[in-house]
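S.K.: Okay, here's the prediction I keep looking at, along with the sequence it came from:
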Amino acid sequence: MGVTKHLLVPIDFQSIFMGPATVCYPYNYEKSFHLQALNQQQSKDSVYFRDGVRRIDFILSYIDDKDGEKKQVCHPPSYSLVSPECVCEVSAQNTPQIIYYIILKMPILSGSRNTLFFGTCRYWTRSRDANCESERYSLYKYWARFSSFYKEQPLNLIRKYYGEKIGIYFAWLGFYTEMLSYAAVVGLLCFIYGVATFDENVWSKEICNDTIGGQIVMCPLCDKKCGYWKLSTTCSSSWQSYLFDNTATVFFAIFMGIWVTLFLEFWKRRQARLEYEWDLVDFEEEQQQLQLRPEYETKCTHRRLNRVTQISLIIACIIGVIAYRLAVFAAFASIMKDSPTNKLDVVGTLITPQFATSVTASCINFVIIMILNFLYEHVAIKITDMEVPKTHVEYENKLTVKMFLFQFVNYYSSCFYVAFFKGKFVGYPGDYAYMFGKWRNEECEPGGCLIELTTQLVIVMVGKQVWGNIQEALVPWLRNWWVSRSARNHPESLYSRWEQDHDLQTFSQLGLFYEYLEMVIQFGFITLFVASFPLAPLLALMNNILEVRVDAWKFTTQFRRPVAAKAHSIGAWDEILNMIAVFSVVTNAFIVSFTSDMIPRLVYKYAYHLGSESTMEGYINNSLSIFNISEIPVENRPEEGENPDWFYSSNITTCRYRDYRYPPGHEKQYTHTMQFWHILAAKLAFIIIMEHVVFVVKFFVAWLIPDVPSDVKARTKREHYLIQEYLHDYELEKLKIQLSQNGPNIEPCTCPATAATSVKLEVFSDCLS
């Protein structure tokens with residue numbers, strides 16, 4: 001194990017401005033306890049050196065190798081406070097760089113407020129000096145506590161203490177949470193509508209009716225291990241499906257398409273105001289020049305990446321989960337048929353093979369997602385390193401895109417399968433479709449696949465949020481507890497405050513990247529598949545209220561204070577959010593059309609209903625086709641003992657399946673009916689109409705709402721004008737001075753612009769302040 005050494009940077013502001021420069025020197029961690037023992041009277045909470053005058057403001061760390069030699073590794077600028085030469089050996093010429101950096105980060109106060117720097121300000125606990133309450137404690141008291149969840153975040157203080165990059169993240173997270181409240185209210189109202197109109201669900205009543213659903217015999221859902229079953233066994237799932245599959249679903253899908261546009265447009269305005277208030281308007285060009293990556297100049301690679309195989313592991317896992325669903329369904333159907341719990345009516349109707357398969361497959365898929373996250377992270381970083389981006393901004397943007405593409409497929413693949421593939425390419429009892437010629441494709445229940453999509457969404461989304469909060473809160477706390485426990489082998493009085501702070505967890509350079517990724521994945525869940533679960537925004541809102549305080553608590557108590565960094569926006573995440581917003585309109589339109597039964601029910605109600613009135617009576621019988629049992633191939637028939645007892649006690653010659661095909665004996669038997677083509681045309685028409693309506697409203701709203709507030713735009717223009725005018729006057733005065741020095745007979749012109757230079761400079765300074 002290497003020996004950790006710290007480079008202490010003591011700052012004495014009096015000596016900086018009135019005396020000799022401050023010197024920084026390496027400090028051996030192993031000798032710290034011995035040296036402190038020489039002066040045990042000093043408090044362990046002190047942030048001063050043993051002379052009681054010089055204050056420890058910043059600590060740099062490096063690790064020695066096994067031989068005790070100092071590493072000569074040149075780190076990128078964002079990782080080190082000073083140049084690599086200063087890390088290895090601090091010389092006189094490096095001292096001004098350190099002082100300049102700390103002066104920029106810690107403005108000098110005058111008068112009685114000097115106690116902030118010369119007093120003892122403690123950690124995140126209350127200071128003994130009432131006039132010395134540190135910014136860190138203020139953040140902990142008014143921001144990091146969960147009891148402050150209803151309060152507005154102190155963004156200016158966050159920006160001052162942690163820097164603009166972390167400040168812009170919490171500004172975005174707070175704004176996103178605020179906008180979620182509107183979507184959560186509308187989604188809750190749509191759910192309440194489903195509960196209020198529960199009794200109007202005619203098709204579910206027919207399924208649960210003993211004379212209708214109880215008499216309809218359904219064809220086996222799998223080969224050999226699945227027997228014939230009655231439609232009434234899906235009574236519970238059909239009622240559950242109605243809560244999310246009703247007319248309010250269409251309204252909510254359209255609303256979310258508009259909501260996401262309002263969220264993005266209003267965030268642009270909020271971001272523009274923060275850029276102006278935090279003096280970040282012209283920051284990007286400056287950052288591109290100052291943060292060049294040394295790896296860009298020292299590395300060169302000509303490797304060609306095979307982009308086809310980058311997601312091969314993800315696709316393999318998707319196929320594995322699908323194969324599991326197909327294989328385990330038969331097992332559940334066989335086991336549950338003779339299970340003691342199936343004797344109970346309540347349990348037997350709730351825990352069906354379809355429900356058990358959906359829940360277990362969702363749980364297994366969630367576990368696979370969590371395992372693969374670790375692998376995808378390293379793969380994305382490795383690929384980005386091989387590309388050798390020029391700047392840190394370019395590096396983060398490239399890594400962001402790659403990581404999101406990996407996680408997009410990882411998290412959303414199972415939902416896409418259930419929404420757009422399951423039950424769509426099944427075939428019919430005489431000609432079933434098989435995956436790889438081995439596993440028969442899954443079918444949807446007569447109530448539709450929407451309830452399965454809802455189950456998948458809830459398990460993956462809620463499971464990810466719960467697991468993420470546990471990781472963010474519990475893991476750093478346990479690590480810090482273990483480190484502090486190990487450090488207590490020494491006397492507690494010698495465990496100084498700066499050592500306690502140093503033993504906290506390190507906030508990595510990509511720390512914010514994972515915070516953004518977590519929220520953007522959540523954003524995808526509540527937009528891409530929200531038509532299947534209107535309560536998703538409400539769950540996201542509850543999670544984010546907790547997320548803000550967990551992140552705040554983590555920053556103030558569990559992590560070392562990160563080096564402040566600037567950022568004028570959320571970077572590449574902005575483009576990703578816009579991409580998700582556009583894509584969500586398409587996915588929700590397809591979910592309403594092809595996953596839910598909304599369109600088939602409307603077509604039946606207005607074109608194929610029974611009687612003179614437009615009602616839903618008879619819809620279940622109309623939506624199920626008939627097949628002759630004697631024509632089922634031998635490989636598709638149930639094995640002996642798989643069929644229920646009631647099947648042998650009656651003469652059953654036909655079974656029903658979910659499709660629109662002509663019955664046996666018809667001249668076009670087992671081919672699609674005209675109603676099938678009418679429904680397909682209605683689905684395609686709905687997709688086109690919904691997409692065009694939502695896109696027109698989206699683009700109109702985006703055009704109507706300017707990205708930059710008018711007052712911010714006016715102030716920015718005025719500042720640019722004053723800067724140009726000041727520079728013009730400065731160059732003009734400089735030219736006149738040069739002419740007066742070169743030509744003795746030329747007298748300097750005292751024009752009004754020159755005379756007013758000092759006045760304009762004063763106005764310019766006031767404007768910027």
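M.R.: That came through, no problem.

S.K.: where do the helices sit along the stretch 551-700 of the chain?
M.R.: Along the stretch 551-700 of the chain, the stretches classed as helices by DSSP state H, counting those that start in this stretch are 573-590, 598-603, 619-623, 645-648, 674-704.

S.K.: Report all helices and strands that the longest one contacts.
M.R.: By that I understand helix 674-704. helix 247-277, helix 573-590, helix 598-603 (3 or more C-beta pairs under 8 Å, 6 or more residues apart in numbering; DSSP states H and E). In short, each C-beta sits where N, CA and C put it, glycine included.

S.K.: Same check on the third one?
M.R.: The elements that helix 619-623 packs onto, with contact taken as 3+ C-beta pairs under 8 Å, 6+ apart, are helix 202-208.

S.K.: circling back: any idea which of the helices and strands packed on helix 674-704 gets closest to Met690?
M.R.: Met690 sits nearest to helix 573-590 of all these, at 4.5 Å, using C-beta to C-beta.

S.K.: Can you pull the domain assignment for this structure?
M.R.: Domain ranges of the chain: 4-120, 197-246+275-599, 710-768, per automatic domain parsing.

S.K.: thinking again about what came up before, now the helices of the stretch 551-700 of the chain as a markdown table including mean neighbour count?
M.R.: Supplementary listing: the helices of the stretch 551-700 of the chain in a markdown table, determined by neighbours: other C-beta atoms under 10 Å:
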| stretch | mean neighbour count |
| --- | --- |
| helix 573-590 | 19 |
| helix 598-603 | 20 |
| helix 619-623 | 19 |
| helix 645-648 | 11 |
| helix 674-704 | 15 |
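
S.K.: For those, give me JSON lines that also has distance to Ser612.
M.R.: As requested, these are arranged in JSON lines below (distance: least, C-beta to C-beta, whole Å):
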{"stretch": "helix 573-590", "distance to Ser612": "33"}
{"stretch": "helix 598-603", "distance to Ser612": "18"}
{"stretch": "helix 619-623", "distance to Ser612": "16"}
{"stretch": "helix 645-648", "distance to Ser612": "37"}
{"stretch": "helix 674-704", "distance to Ser612": "19"}
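
S.K.: Of the ones you listed, which shows the lowest average pLDDT?
M.R.: Of all those, helix 645-648 carries the lowest average pLDDT, namely a mean of 84.

S.K.: who touches it?
M.R.: Residues outside helix 645-648 that contact it (C-beta atoms under 8 Å, 6 or more residues apart in numbering) are Val217, Gly227, Tyr228, Lys230.

S.K.: between those residues, which is nearest Pro389?
M.R.: Of the contacts of helix 645-648, the one sitting nearest to Pro389 (C-beta to C-beta) turns out to be Gly227, at 59.4 Å.

S.K.: Mind checking what secondary structure that closest one has?
M.R.: Look at Gly227: counting by DSSP: H, G, I helix; E, B strand; the rest coil, its state is coil.

S.K.: Can you check the pLDDT for it?
M.R.: Reading off the model, Gly227 has pLDDT 86.

S.K.: out of the helices and strands packed on helix 674-704, nearest to Leu727?
M.R.: When these are compared (using C-beta to C-beta), the closest one is helix 247-277, at 20.7 Å.

S.K.: circling back to that earlier point, ok, of the contacts of helix 645-648, which come out buried?
M.R.: Val217, Gly227, Tyr228, Lys230 (16 or more other C-beta atoms under 10 Å).

S.K.: picking up where we left off before, which of the domains of the chain has the lowest average pLDDT?
M.R.: Lowest mean pLDDT within the domains of the chain: domain 4-120, a mean of 44.

S.K.: which helix is the longest one in the chain?
M.R.: helix 450-487 (DSSP state H).

S.K.: Next, Val217: phi, psi?
M.R.: Note on Val217: backbone dihedrals following degrees, to the nearest 10 are phi -100, psi 120.

S.K.: typo on my end, it should be Arg440
M.R.: The phi/psi pair for Arg440 (degrees, to the nearest 10) reads phi -70, psi 130.

S.K.: thought it was touching Asp431?
M.R.: No: between Arg440 and Asp431 there is no contact under C-beta atoms under 8 Å: 11.3 Å.

S.K.: what about these two, which has more around it?
M.R.: When Arg440 and Asp431 are compared for neighbours, Arg440 comes out ahead with 21 against 10, by other C-beta atoms under 10 Å.

S.K.: ok, the more buried one - contacts?
M.R.: Residues near Arg440 by C-beta under 8 Å, 6+ apart: Cys222, Asp223, Leu326, Tyr432, Ala433, Tyr434.

S.K.: ok, it to Cys226 distance?
M.R.: Distance of Arg440 to Cys226, given as C-beta to C-beta, to the nearest Å: 10 Å.

S.K.: and if you look at Leu512?
M.R.: Per C-beta to C-beta, Leu512 is found 50 Å from Cys226.

S.K.: cool, Ile599 as well?
M.R.: 29 Å.

S.K.: same thing with Ile369?
M.R.: In this view, Ile369 and Cys226 are 29 Å apart by C-beta to C-beta.

S.K.: check contacts around the nearest residue to Ile652 once chain neighbours are set aside.
M.R.: The shortest distance from Ile652 to any non-neighbouring residue, by C-beta to C-beta, 6 or more residues apart in numbering, is to Val217 (5.5 Å). Shown in contact with Val217 (C-beta under 8 Å, 6+ apart): Tyr228, Trp229, Lys230, Leu231, Phe647, Ile652, Thr654, Cys655, Arg656.

S.K.: which one is Ala581 nearest to, not counting chain neighbours?
M.R.: Among residues not flanking Ala581 along the chain, Val260 sits closest, at 4.3 Å (C-beta to C-beta, 6+ apart).

S.K.: Count the residues that sit near that neighbour.
M.R.: That count, for Val260 with other C-beta under 10 Å as the rule, works out to 25.

S.K.: In this structure it contacts Ser584, no?
M.R.: Yes: between Val260 and Ser584 there is a contact under C-beta under 8 Å: 6.4 Å.

S.K.: what's the overlap in contacts for the two?
M.R.: Here Val260 and Ser584 share the contacting residues Thr527, scored by C-beta under 8 Å, 6+ apart.

S.K.: before we move on, the earlier item: so which of the helices of the stretch 551-700 of the chain comes closest to Tyr242?
M.R.: Of all the helices of the stretch 551-700 of the chain, helix 598-603 sits nearest to Tyr242, with 10.7 Å by C-beta to C-beta.

S.K.: which strands and helices sit next to the closest one?
M.R.: helix 247-277, helix 674-704.

S.K.: got the angle for the first one vs helix 674-704?
M.R.: Just to be clear, that refers to helix 247-277. With axes from the mean of the first three to the mean of the last three C-alpha atoms, to 10 degrees applied, the angle from helix 247-277 to helix 674-704 works out at 20 degrees.

S.K.: Tell me the buried residues in helix 247-277?
M.R.: 248-250, 252-265, 267-268, 270-272, 274-276.
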